[in-house]
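> build me a model from this:
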Amino acid sequence: MDQSVAIQETLAEGEYCIIAVQGVLCEGGSRQSRLLGLVRYRLEHGGQEHALFLYTHRRMAITGDDVSLDQIVPVSRDFTLEEVSPDGEFYILGSDVTVQLDTAELSLLFQLPFGSHTRMFLQEVARACPGFDPSTRDPEFLWLSRYRCAQPEASDSPTLRDWNSAPGTWPARCTIGGGGSNFNSSRLNEKGLLVDQSSGVQDKPESLLPRQNKSKSEITDMVRSSTITVSDKAHILSMQKFGLRDTIVKSHLIQKEEDYTYIQNFRFFVGTYNVNGQSPKECLRPWLSHGIQAPDVYCVGFQELDLSKEAFFFHDTPKEEEWFKAVSEGLHPDAKYAKVKLIRLVGIMLLLYVKQEHAAYISEVEAETVGTGIMGRMGNKGGVAIRFQLHNTSICVVNSHLAAHTEEYERRNQDYKDICSRMQFCQVDPSLPPLTISKHDVILWLGDLNYRIEELDVEKVKKLIEEKAFQTLYAYDQLKIQVAAKTVFEGFTEGELTFQPTYKYDTGSDDWDTSEKCRAPAWCDRVLWKGKNIIQLSYQSHMALKTSDHKPVSSMFDIGVRVINEELYRKTLEEIVRSLDKMENANIPSVSLSKREFCFQNVKYMQLQIESFTIHNGQVPCQFEFINKPGEESFCKQWLNANPSRGFLLPDSDIEIELELFVNKTTATKLNSGEDKIEDILVLHLDRGKDYFLSVSGNYLPSCFGSPIHTLCYMREPILDLPFETVSELTLMPLQTEDDGSRLERPMEIPKELWMMVDYLYRNAIQQEDLFQQPGLRSEFEHIRDCLDTGMIDNLSASNHSVAEALLLFLESLPEPVVCYSAYHNCLECSGNYTASKQVIFTLPTFHKNVFNYLMAFLQELLKNSAKNHLDENILASIFGSLLLRNPARHQKPEMAEKKKAQEFIHQFLCNPL
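Numbering: from 1, shown residues only. Have a look, this model is predicted:
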């Protein structure tokens, strides 16, 4: 996700966030998450200045609401950013990059995630440094004055001290900035840091250089048109711009991989542990290292690392450091390990370690997260993943925590599919589309998958466990049933379950759950795999650990990894280059398309439609890309996407392109009003070839989702029963329109669709546990939307969670929020003064005021049943605060303090009489 978008929303006019990266600020013994944004300001005389903006943030930094400005570091002449390597820490290609930021007044230490994005970030910072050229003006940073808390002192321009404090220092390695960079003689090293090439010396141990550098000059001579060394699949094309010839070489090398590689087994430990929000209380060696040979690779996953509300709504938790330390201390004592990566989403954490001797053969490390909680954003459920290359084999490790409760297997299936579709990793070559989980040679999937045992009562389950009749019990396992039905984990394998269920125990014991709920035992915690040359050596639980209500699970694998034979590799490369020499400049690329006109019928709100076509290439290798039309910022309209949007084709090969049409809150209103239509032209461009034009058309079915409140109040009939001209007229009607009596029917006090959802929840869900905190089913949302848009409320049949999420999505889709943009700042100012707050609500347009009061009355009814539904004022204020009060469009987004004021504003109405 591009988090610079969230930062941009906090900036003033003339300020632009070039790029942002998420990192960890290391101060003494503490580690705090920070979002770093490089901000450019264009000066009136034509120059520009830069500053590094540091934000505290939620993990899912989607909008400016989610970030809070913590510190600003001007990129001045004395600004440097240096890679550091603490004494005793082993360097590993693919590990997090540790950098130190220094100015005359300041010293900060950060860990940044390894990968292509961090590489680009560091390159942009290097470009921003002003240098030491005496002929250029010193940066003054007057534009930063508005961010200062204190009044300016007597000096004309602010000093660095106004923005920064000065924690400690750290020894330096390779420097970015400092004014001495010569960009013409510099290049990016493996971690994205600039190193000077003019001396011909790299600041890196000889043993850790990529193997292919041994024959660098020979290979460079062969690939004459390349600007880089072509090497094995793990290191090919590690720069940002690629020539066609390089891409052809890469493709042929991958096709002929078996000609120059051999299989070597590596031992993998894969472990999963739901720790129920606990801190580590016992040594983890019984789980991680007792009775086994030292693994080559450790993949260790946790769920429910932290169950606090702070971890749910915000990112930071001390539990991350506690469990990281516990794992590091529990690794096998007979080997030394280097941490490759740590990735966490709220309570879901994944750690990857390798033996130090394998570190030089790890590359292309990327990590991503997908939240599948309420509204598809919250990270209380979802997945985290790390992908990497080990020698010439691509590996993806996924740790997931899927939806809970026995009856919710369909939601678990949906969570799995969401993780598979939304988890995407950037490739080293930015011209290539992102990698999905399935595009890897080996996939290891671990976690609390939460599938339960069905159709048996608790006592029958316990009896079968006591008899160790695990295979009899396994026949009733939901995951086994769903895999057999091919609804999830198609193509994956799981070993035989020879251990008793790992959930649910009384904490601190081996006794089954004795709480009031008395949960039935279940194999919630699982390990599955997909790929070739994989042998499972063990699959077991570890009863010795009693910290949690789950038992940890581990599996050992021997995985065959493709390792390069250098001599065969060189011969293969020579053959490829010779054949390219003969073919080069042969012809102009030409392709044929299976289809050029696409019609999307009856498009609905938040319901994906896909049309596909095939590109068949002729006899010349070609690169294709959808390009922008003149005067347009994107190659297609916002509701459309092409996947992949660019790529490479070998001679006589095919690729399928999917056109994905998806209408959401951003695009629905203009489609309702007729200001936009399902019409577009796409331009498919061939490098060195011609352009092909694709026509997209269709029709959109108007929806209450994305319609203004006052528009819906004037619609007594369901929106799909009205003529399109009427829907368009009412959608375009100004907010403050008074009823002049010309309309045949008086408007309703609130939208009927809102009443339908709230009434359903009032009748059916007033005591529903975790209401507004668990997501619903996507298929049920589509059914709810159709019932609202057709007025067939009697047909509404859905889970309480699905209706609750539909209500939140409805409020989020309103083009003008319940509390109008014009009243937003008044609400913040009145936060804490209930009388003044009520007065602000009283001044809202009638329909908006009615909706606000109606919702507050409903939420108060929910709170009367908090003993059953476990809701409290803080939870509801956090959820509804950002939906009912939204910052004005194109205005500065709030810092966290403002966000909390918005929540406090709603909190008042939940705790006081209306």
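
> chain center to the host helix or strand of C599, what's the gap?
Counting by DSSP states H and E, the element that carries C599 is strand 597-603. On the basis of Cα atoms, centre = their mean, to the nearest Å, strand 597-603 sits 30 Å off its chain's mean C-alpha point.

> can you check stretch 107-122 too?
Per Cα atoms, centre = their mean, the centroid offset for stretch 107-122 relative to its chain is 17 Å.

> now stretch 48-66
From the chain centre to the centre of stretch 48-66 is a distance of 16 Å (Cα atoms, centre = their mean).

> and that stretch, end to end?
Start to finish, the residues bounding stretch 48-66 are 28 Å apart (Cα to Cα, to the nearest Å).

> kindly report the same for stretch 676-695.
End-to-end distance (Cα to Cα), stretch 676-695: 16 Å.

> list of residues touching it?
The contact list for stretch 676-695 (Cβ atoms under 8 Å, 6 or more residues apart in numbering) reads 244, 588-591, 593, 596-598, 600, 603, 613, 615, 622-629, 635-637, 639-640, 642, 659, 661, 667, 670-671, 696-700. Placement of C-beta: from N, CA and C, glycine included.

> which element follows the strand holding C599 toward the C-terminus?
That would be, after strand 597-603 and using DSSP H and E, strand 609-617.

> show me how far that next one is from its chain's centre.
The answer for strand 609-617 is 27 Å, by Cα atoms, centre = their mean.

> same question, stretch 865-885
25 Å.

> kindly check the end-to-end length of it for me.
Note: stretch 865-885 ends 25 Å apart using Cα to Cα.

> stretch 449-468 now?
Criterion Cα to Cα; first-to-last residue distance in stretch 449-468 is 22 Å.

> ok, and what's touching it?
By Cβ under 8 Å, 6+ apart, stretch 449-468 touches 400-404, 406, 408-409, 412, 416, 470, 472-473, 476-479, 481-482, 500-501, 512, 518-526.

> now do stretch 898-911
With Cβ under 8 Å, 6+ apart, stretch 898-911 has contacts from 65, 68, 827-828, 830-832, 834, 837, 856, 859-860, 863, 873-874, 876-878, 880-882, 884-885, 894.

> can you flag the buried ones in those?
Buried by 16 or more other Cβ atoms under 10 Å: 65, 68, 827-828, 830-831, 834, 837, 856, 859-860, 873, 876-878, 880-882, 884-885, 894, out of these.

> re earlier: ChimeraX command for the buried members of the contacts of stretch 676-695?
A single ChimeraX command selects the buried members of those (16+ other Cβ under 10 Å):
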select :244,589,591,598,600,603,613,615,622,623,624,625,626,635,636,637,639,640,642,659,661,667,670,671,696,698,700
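
> so who does L331 touch?
Going by Cβ under 8 Å, 6+ apart, L331 touches 288-289, 298, 337, 353.

> so how far is Y298 from it?
Distance, L331 to Y298, using Cβ to Cβ, to the nearest Å: 6 Å.

> list the contacts for the residue nearest in space to the middle of the chain?
For the chain, the residue sitting closest to the mean C-alpha position, by Cα atoms, centre = their mean, is T369 at 4.4 Å. Residues counted as contacts of T369 (Cβ under 8 Å, 6+ apart) are 59, 343-345, 348, 379, 382-385.

> tell me the bridge partners for it.
V384 (DSSP bridges).

> where exactly do the helices run in the stretch 601-750 of the chain?
Listed from the start of the chain, the stretch 601-750 of the chain has helices (DSSP state H, counting those that start in this stretch) covering 665-673, 709-713, 724-732.

> circling back: mind checking which of the contacts of T369 land in helices?
With helices taken from DSSP state H, there is no overlap with the contacts of T369.

> ChimeraX command to pick out the buried ones of those residues?
Typed into ChimeraX, the line below selects the buried ones among the contacts of T369, using 16+ other Cβ under 10 Å:
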select :59,343,344,345,348,379,382,383,384,385
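
> quick one: which two of the contacts of T369 are the most distant?
R59 and A385 (14.7 Å; Cβ to Cβ).

> residue boundaries of the strands in the stretch 551-700 of the chain?
In the stretch 551-700 of the chain, the strands defined using DSSP state E, counting those that start in this stretch lie at 553-564, 591-593, 597-603, 609-617, 622-627, 640-643, 646-649, 654-661, 679-686, 691-700.

> and the ones you listed, which one is worst for confidence?
Among the strands of the stretch 551-700 of the chain, strand 646-649 carries the lowest mean pLDDT, at a mean of 88.

> which other helices and strands contact that strand?
helix 244-255, strand 622-627 (3 or more Cβ pairs under 8 Å, 6 or more residues apart in numbering; DSSP states H and E).

> which residues does stretch 865-872 contact?
765-772, 862-863.

> swap the cut-off to 10 Å and go again
309, 765-773, 800, 859, 862-863, 873, 875-876, 879, 910 (Cβ atoms under 10 Å, 6 or more residues apart in numbering).

> how about Q768, secondary structure?
At Q768 the chain is in coil, as set by DSSP: H, G, I helix; E, B strand; the rest coil.

> how many residues are close by it?
21 (other Cβ atoms under 10 Å).

> so for it, what's the pLDDT?
Confidence score, pLDDT, at Q768: 93.

> and the nearest residue to it once chain neighbours are set aside, how far from I793?
For Q768, ignoring the flanking residues on the chain, the nearest one in space by Cβ to Cβ, 6 or more residues apart in numbering is N800 at 4.5 Å. For N800, the distance to I793 equals 16 Å [Cβ to Cβ].

> then E725?
The gap separating E725 from I793 is 26 Å, by Cβ to Cβ.

> with neighbour numbers in mind, choose between these two.
I793 (17 against 9).

> which SS class is the closest residue to the more buried one other than its chain neighbours?
Closest residue to I793 apart from its sequence neighbours, by Cβ to Cβ, 6+ apart: M756 at 5.0 Å. Classification of M756 by three-state DSSP places it in helix.

> from R716, how far out is M756?
14 Å.

> look at the two and report which has more neighbours.
Set M756 next to R716 and count neighbours by other Cβ under 10 Å: M756 wins out with 20 against 16.

> from P718, how far out is the more buried one?
Counting by Cβ to Cβ - M756 and P718 are separated by 11 Å.

> overlap of the contact sets of these two?
With Cβ under 10 Å, 6+ apart as the test, M756 and P718 both reach 704, 787-788, 791, 793.

> would you map the strands across the stretch 301-450 of the chain?
If DSSP E, counting those that start in this stretch is used as the criterion, the strands of the stretch 301-450 of the chain fall at 337-345, 348-355, 362-371, 382-390, 393-401, 424-425, 435-436, 442-448.

> of all the ones you listed, which lies closest to E9?
Of all the strands of the stretch 301-450 of the chain, the one in closest proximity to E9, counting by Cβ to Cβ, is strand 362-371 (19.9 Å).

> just the angle between that closest one and strand 337-345, please?
Counting by axes from the mean of the first three to the mean of the last three Cα atoms, to 10 degrees, strand 362-371 lies at 20 degrees to strand 337-345.

> can I get strand 362-371 as CSV, trimmed to CA atoms?
Extracted C-alpha coordinates of strand 362-371, given in CSV (Å, rounded to 0.1, in the frame of the first residue of the first chain):
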residue,chain,number,x,y,z
ILE,A,362,18.8,-15.1,0.5
SER,A,363,17.5,-12.4,-1.7
GLU,A,364,14.4,-10.5,-2.9
VAL,A,365,12.9,-10.4,0.6
GLU,A,366,9.5,-8.7,0.7
ALA,A,367,6.8,-8.7,3.4
GLU,A,368,3.1,-7.7,3.3
THR,A,369,0.0,-7.8,5.4
VAL,A,370,-3.8,-8.1,4.7
GLY,A,371,-6.4,-7.3,7.3
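
> just for the stretch 651-800 of the chain, where's the confidence low?
Scanning the stretch 651-800 of the chain for pLDDT under 70 picks out 736-745.

> again, but for the stretch 301-450 of the chain
309-316, 376-379, 430-431.

> which residues are common contacts for M756 and R716?
G791.

> cool, thanks, signing off.
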